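A.B. asks: Take a look and give me a structure for this.
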Amino acid sequence: MTNKVEGVGRIVAVAFGGVFAGFLVTVMVLELSMRDLGASAYTQVRHVELDRLDTLATVTLLPTAVATIVLVGLGLRRGSPGLGLMSVALVLLLVVFITTIVVNLPINADQRDWSIGSPPNDWATDRDRWQVAHAVRTGATLLAYACLLLASRVHRQPALEPRLADGRQRELSQ
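C.D. replies: Just a heads-up that it's a prediction; the model follows:
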């Protein structure tokens with residue numbers, strides 16, 4: 001049963017982690033593309049982004065995080081060759097959560113209330129803070145995803161077969 005849970009955990013972590021990482025990169029490209037927009041145009045696009053993109057972030061990040069927590073827990077109990085990488089991925093996902101909760105979500109809540117016709121005077125400051133925090137969480141997510149991919153690869157590599165003193169391979173009973 002544990003092997004099935006671990007297998008499903010790896011698939012969920014890698015699949016949802018990849019979608020989440022791709023999503024964050026896409027949003028970063030969109031945000032950087034909007035740097036030259038004026039306040040009203042930027043606000044209008046942000047209103048469109050905020051309509052459903054938070055939901056997409058949630059439904060891709062949460063399964064990634066839960067699967068990673070399960071994999072780290074199993075790795076701690078059983079000793080997994082990818083435990084170090086999975087642990088680093090988990091810490092990086094924690095950075096994503098904290099950055100999102102402390103910086104991005106409060107700014108999102110403020111931006112939902114901005115008027116397209118008359119955004120606040122300090123709109124660019126909020127935009128810049130949001131984009132810097134988004135760059136941090138995008139970088140952390142990409143590194144976490146790389147760790148999850150590498151941990152998955154480490155897990156799949158065949159274990160070294162024990163050898164006798166004369167170099168012959170030892171027969172293993174299964």
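
A.B. asks: what comes up buried for stretch 85-101?
C.D. replies: By 16 or more other C-beta atoms under 10 Å, the buried positions in stretch 85-101 come out as 85-90, 92-93, 95-96, 99-100. All C-beta spots, glycine's among them, are computed from the backbone N, C-alpha and C.

A.B. asks: could these be laid out in TSV, adding distance to residue 16 and pLDDT?
C.D. replies: Below are those laid out as TSV (distance: C-beta to C-beta, whole Å; pLDDT from 0 to 100):
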residue	distance to residue 16	pLDDT
85	17	92
86	15	93
87	18	94
88	18	96
89	12	96
90	14	96
92	15	98
93	11	97
95	17	97
96	13	97
99	19	97
100	16	96
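
A.B. asks: Can you tell me which of those residues is nearest residue 145?
C.D. replies: residue 89 (7.7 Å; C-beta to C-beta).

A.B. asks: and that closest one, what element?
C.D. replies: Element membership of residue 89 [criterion: DSSP states H and E] is helix 83-99.

A.B. asks: From residue 63, how far off is the residue most central in space within the chain?
C.D. replies: For the chain, residue 141 is the residue whose C-alpha lies nearest the centre (C-alpha atoms, centre = their mean; 3.6 Å). Separation of residue 141 from residue 63 (C-beta to C-beta, to the nearest Å): 14 Å.

A.B. asks: hmm, back to that, elements contacting the helix holding residue 89?
C.D. replies: Helices and strands touching helix 83-99, by 3 or more C-beta pairs under 8 Å, 6 or more residues apart in numbering; DSSP states H and E, are helix 39-78, helix 123-156.

A.B. asks: tell me the most buried of those helices?
C.D. replies: helix 123-156 (a mean of 18; mean count of other C-beta atoms under 10 Å).

A.B. asks: How far does stretch 102-110 sit from its chain's centre?
C.D. replies: How far stretch 102-110 lies from its chain's middle: 18 Å, per C-alpha atoms, centre = their mean, to the nearest Å.
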